[in-house]
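Chemist: Sequence isn't available, so here's the structure alone:
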């Protein structure tokens with residue numbers, strides 16, 4: 001594994017909101033956890 005690699009991905013439902021949780025490997029071996037709300041896009045056609 002190298003710095004910047006994604007080492008975990010989850011979709012979680014917290015407080016009525018769907019969120020993506022990502023874990024990234026940082027330089028030096030530490031781990032960063034990012035949480036981003038998911039969104040729904042309607043498709044037409």
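Modeler: Okay, I see it. Remember, predicted model here, so these are calculated numbers, not experimental data. Numbering: from 1, shown residues only.

Chemist: Assign a three-state SS to residue 28, would you?
Modeler: Put simply, residue 28 is helix when judged by DSSP: H, G, I helix; E, B strand; the rest coil.

Chemist: My read is that residue 22 contacts residue 8, right?
Modeler: Yes - applying Cβ atoms under 8 Å, one finds residue 22 in contact with residue 8, separated by 6.9 Å. C-beta here means a position set from N, CA and C on the backbone, and glycine is covered the same way.

Chemist: of these two, who's got more company?
Modeler: Under the neighbour definition other Cβ atoms under 10 Å, residue 22 and residue 8 were set side by side, and residue 22 has more, 14 against 11.

Chemist: what are the bridge partners for that one, then?
Modeler: When bridges are called by DSSP bridges, residue 22 pairs up with residue 9, residue 34.

Chemist: got a list of contacts for stretch 5-13?
Modeler: The contact list for stretch 5-13, computed with Cβ atoms under 8 Å, 6 or more residues apart in numbering, reads 1, 18-25, 31, 38.

Chemist: Burial check on the residue nearest to residue 33 when sequence neighbours are not counted, number of neighbours?
Modeler: Excluding its sequence neighbours, the residue lying closest to residue 33 (Cβ to Cβ, 6 or more residues apart in numbering) is residue 23, at 5.5 Å. Residues near residue 23, counting by other Cβ under 10 Å, number 14.
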